[in-house]
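Asks: Sharing a model that was predicted from the sequence below.
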Amino acid sequence: KVEQLGNAYHLTTWVEKLTLESADRIVAVSQHSRGEILEHFAVDPERIVVAGGSAGGHLALMVGFTGDNPEFEPTGAATPYPGVSSRVQAVINMYGIANMLTRQEVATDGTPTGKFRTVGPARVFGASDPAAPVYRAASPVTHVTKDTPPVLILHGNLDTTVDRDQSHELARVLKQQQRG
């Protein structure tokens with residue numbers, strides 16, 4: 001794993017074991033891939049979970065929190081599987097970005113510094129101003145509702161890329177929504 005991922009990145013044995021044992025049950029889903037999965041495999045569409053780490057964690061959260069939201073669903077000819085729901089039943093987020101507007105730079109020991117971390121290049125979001133609506137729309141925490149599926153959050157204290165406060169914020173927002 002270290003050869004593949006680089007010396008700065010290590011998976012723990014339990015994460016590797018969980019991933020390998022659960023690989024047949026953890027599926028990254030979009031409406032298109034969900035339709036293809038249902039078309040070609042004997043998978044129960046009511047038991048699909050989406051998982052990802054880092055940028056993949058952010059995407060998993062977005063899929064999980066925006067499933068069947070018309071704002072995020074393709075329309076017309078762009079809909080590969082009309083009538084197929086893009087909702088998932090759970091999300092596994094491993095150190096993903098939860099809020100583009102509260103990202104922080106991180107010290108070498110993993111401690112968030114409190115200094116805002118630039119959101120990303122304008123070419124990705126089509127806007128260079130962090131106050132642009134696209135950054136709010138791309139922040140999973142802004143899509144949490146009473147219908148949000150259950151979320152398993154995994155985040156280490158030594159992460160120097162995504163500040164651990166992202167996961168703390170996500171957990172807080174999910175708990176607040178549960179209380180209603």
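Replies: Received the coordinates, thanks. Bear in mind the structure is a predicted one, so any value in this text is a computation, not a measurement.
Asks: Would you map the helices across the chain?
Replies: Here the chain has its helices, by DSSP state H, at 2-5, 13-22, 31-40, 55-66, 122-125, 133-137, 165-179.
Asks: And these, which one averages the lowest pLDDT?
Replies: Sorting these by mean pLDDT places helix 2-5 lowest, at a mean of 40.
Asks: And residue 94, how far from residue 159?
Replies: 10 Å (CB to CB, to the nearest Å). Every residue, glycine included, has its C-beta placed from N, CA and C.
Asks: Look at those two and report which has more neighbours.
Replies: Set residue 94 next to residue 159 and count neighbours by other CB atoms under 10 Å: residue 94 wins out with 21 against 16.
Asks: Not counting sequence-adjacent ones, nearest residue to that one?
Replies: residue 53 (3.7 Å; CB to CB, 6 or more residues apart in numbering).
Asks: I'd say the one you found and residue 61 touch.
Replies: No - taking contacts as CB atoms under 8 Å, residue 53 lies outside contact range of residue 61: 11.4 Å.
Asks: So for the two, which residues contact both of them?
Replies: Each of residue 96 lies in contact with both residue 53 and residue 61 under the rule CB atoms under 8 Å, 6 or more residues apart in numbering.
Asks: Neighbour count: those two, which is higher?
Replies: Neighbours were counted for residue 53 and for residue 61 using other CB under 10 Å; residue 61 has more, 27 against 20.
Asks: who touches the closest residue to that one other than its chain neighbours in this structure?
Replies: Sequence neighbours aside, residue 140 is the residue nearest to residue 61 in space, at 3.6 Å (criterion: CB to CB, 6+ apart). The contact partners of residue 140, taken as CB under 8 Å, 6+ apart, are 58, 61, 62, 64, 65, 96, 97, 98, 99, 170.
Asks: let's see 10 Å
Replies: 57-66, 91, 93, 96-100, 148, 151, 166, 170, 173 (CB atoms under 10 Å, 6 or more residues apart in numbering).
Asks: do the same with residue 103
Replies: Residues counted as contacts of residue 103 (CB under 10 Å, 6+ apart) are 97, 112, 115-120, 130, 135, 139, 162-163, 165-166.
Asks: gap between it and residue 110?
Replies: In this view, residue 103 and residue 110 are 14 Å apart by CB to CB.
Asks: Residue 66 too?
Replies: 29 Å.
Asks: and if you look at residue 117?
Replies: Taken as CB to CB, the span from residue 117 to residue 110 is 14 Å.
Asks: Need the overlap of contacts for the two.
Replies: 161, 163.
Asks: Which of these two has more residues huddled nearby?
Replies: Higher neighbour count among residue 117 and residue 110: residue 117, with 18 against 15, using other CB under 10 Å.
Asks: Spatially, and excluding backbone neighbours, which residue is closest to the more buried one.
Replies: residue 103 (4.1 Å).
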